[in-house]
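# could you look at this predicted model? Sequence included:
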Amino acid sequence: MKTLKDKVVVITGAGSGIGRALAVECANRGSLLALADIDEAGLAETVELVKQTGAEVRSDRLDVADRAAFTAYAAAVAEQFGRVNVVINNAGVALAGDVADLSYEDMEWIVGINFWGVVHGTKEFLPHLIESGDGHVVNLSSLFGLVSMPGQSAYNATKYAVRGFTEALREEMIIAGHKVGVTSVHPGGIKTAIARNARVSDKEDKRATAELFDKKLARMTPEKAAQIIVRGILKNQARVLVGIDAHVLHHFAKVTGSRYQDVVALVSKNVLPGKKVV
């Protein structure tokens, strides 16, 4: 795929952050858009931004963890546009807390959205992408799908799972000879509301955790991230690292091997907010 002009692009989690920026970037490149989010108000704002470019756009409220809803959504999008060329499974949430403190309910919640949401988006649209003869799957993993972080076990688990799922899918498309590119995206700290909207365990200070992310870790704008991701699609990159932090930590972990975990633990002990007394 050398251009996004006149391509039908599906984006989940399009109501804010990277999803919104991707919608605008693709619209500016001449794409036809199918945008979805569970946040109807945020999605409506994105649609207004996209319409300013003159792009054709469809919008739907969608819970990506709901398999039946996703099945119906994919069928409706394919029927309306007659084809699907690109699917960007971007919707995601965060959950902070040590393993011992996390509830099963919250862990099931994040797995449903971050992992099953990606699986649903991939499987439901894959037949249409193959049929297009010019398709691409883009799954949003994370820097935390390359290295682990304390207090992020459930988030790490989902993002590592997305990475493995996506890389295997790319191999399968190559073996089958399908003209479907597959890209795993690994953003570092991007200026989005993911930390502010996250769930946390009873022992985490949500405000302090969000402030740490917003003020010290989130360095890149969603718009810049979207540009990098789109370039990765057009180059058919297997893996796209987004941000200097993603590049640095990824290569640090490659050089140090499993010992990176000891370094991260020592640094995190002095950086992460203290636990609440419950």
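Nice, thanks for sending it over.

# tell me which stretches of this protein form helices.
For the chain, the helices defined by DSSP state H cover 17-28, 40-51, 67-81, 104-110, 116-132, 153-176, 206-212, 222-234, 244-256, 260-271.

# could I get the average pLDDT for the fifth one?
Okay, so that is helix 116-132. Mean pLDDT, computed over helix 116-132, is 98.

# and what of the first one?
If you average the pLDDT over helix 17-28, you get 98.

# give me the angle between that helix and helix 222-234.
Angle of helix 17-28 versus helix 222-234, following axes from the mean of the first three to the mean of the last three C-alpha atoms, to 10 degrees, is 60 degrees.

# list the buried residues for helix 17-28?
Buried residues in helix 17-28, counting neighbours by 16 or more other C-beta atoms under 10 Å, are found at 17-28. For glycine as for every other residue, the C-beta is placed from the backbone atoms N, C-alpha and C.

# can you tell me which of those is nearest residue 9?
residue 26 (4.8 Å; C-beta to C-beta).

# pretty sure the closest one contacts residue 11?
Yes: between residue 26 and residue 11 there is a contact at 7.4 Å, judged by C-beta atoms under 8 Å.

# list residues touching both of these two?
residue 33 (C-beta atoms under 8 Å, 6 or more residues apart in numbering).

# go through the helices of the chain and name the closest to residue 96.
When these are compared (using C-beta to C-beta), the closest one is helix 206-212, at 5.4 Å.

# in that closest one, which residues are buried?
Neighbour-count burial for helix 206-212, counted by 16+ other C-beta under 10 Å, picks out 206, 209-210, 212.

# out of the residues you listed, which two sit at the greatest distance?
The widest separation within those (C-beta to C-beta) is 10.8 Å, between 206 and 212.

# related to what we said a few turns ago, please dump the buried residues of helix 206-212 into TSV; it should also carry distance to residue 158 and pLDDT for every row.
Shown next, in TSV, are the buried residues of helix 206-212 (distance: C-beta to C-beta, whole Å; pLDDT from 0 to 100):
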residue	distance to residue 158	pLDDT
206	19	90
209	18	87
210	19	88
212	21	85
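
# can you lay out those as JSON lines showing distance to residue 267?
Listed next are the buried residues of helix 206-212 as JSON lines, based on distance: C-beta to C-beta, whole Å:
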{"residue": "206", "distance to residue 267": "22"}
{"residue": "209", "distance to residue 267": "16"}
{"residue": "210", "distance to residue 267": "20"}
{"residue": "212", "distance to residue 267": "13"}
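
# list the contacts for the nearest residue in space to residue 64 that is not next to it in sequence?
Spatial nearest neighbour of residue 64, excluding adjacent residues (C-beta to C-beta, 6 or more residues apart in numbering): residue 117 at 3.2 Å. Applying C-beta under 8 Å, 6+ apart to residue 117 gives the contacts 12, 64-65, 70, 89, 91-92.

# buried among these? Need that as a selection in PyMOL.
To isolate the buried ones among the contacts of residue 117 in PyMOL, judged by 16+ other C-beta under 10 Å, type:
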select buried, resi 12+64+65+70+89+91+92
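
# end-to-end on stretch 99-110?
From its first residue to its last, stretch 99-110 covers 14 Å (C-alpha to C-alpha, to the nearest Å).

# cool, stretch 102-116 as well?
End-to-end span of stretch 102-116 (C-alpha to C-alpha): 19 Å.

# make 50 the starting number, not 1.
Happy to do that; since the first residue is 50 now, the last one works out to stretch 151-165.

# quick check: pLDDT value at the residue lying closest to residue 263 once chain neighbours are set aside.
Distance criterion C-beta to C-beta, 6+ apart; nearest residue to residue 263, sequence neighbours excluded, is residue 244 at 6.4 Å. Listed pLDDT for residue 244 reads 89.

# against residue 221, how distant is residue 297?
Distance of residue 297 to residue 221, computed by C-beta to C-beta, to the nearest Å: 31 Å.

# all set, thanks.
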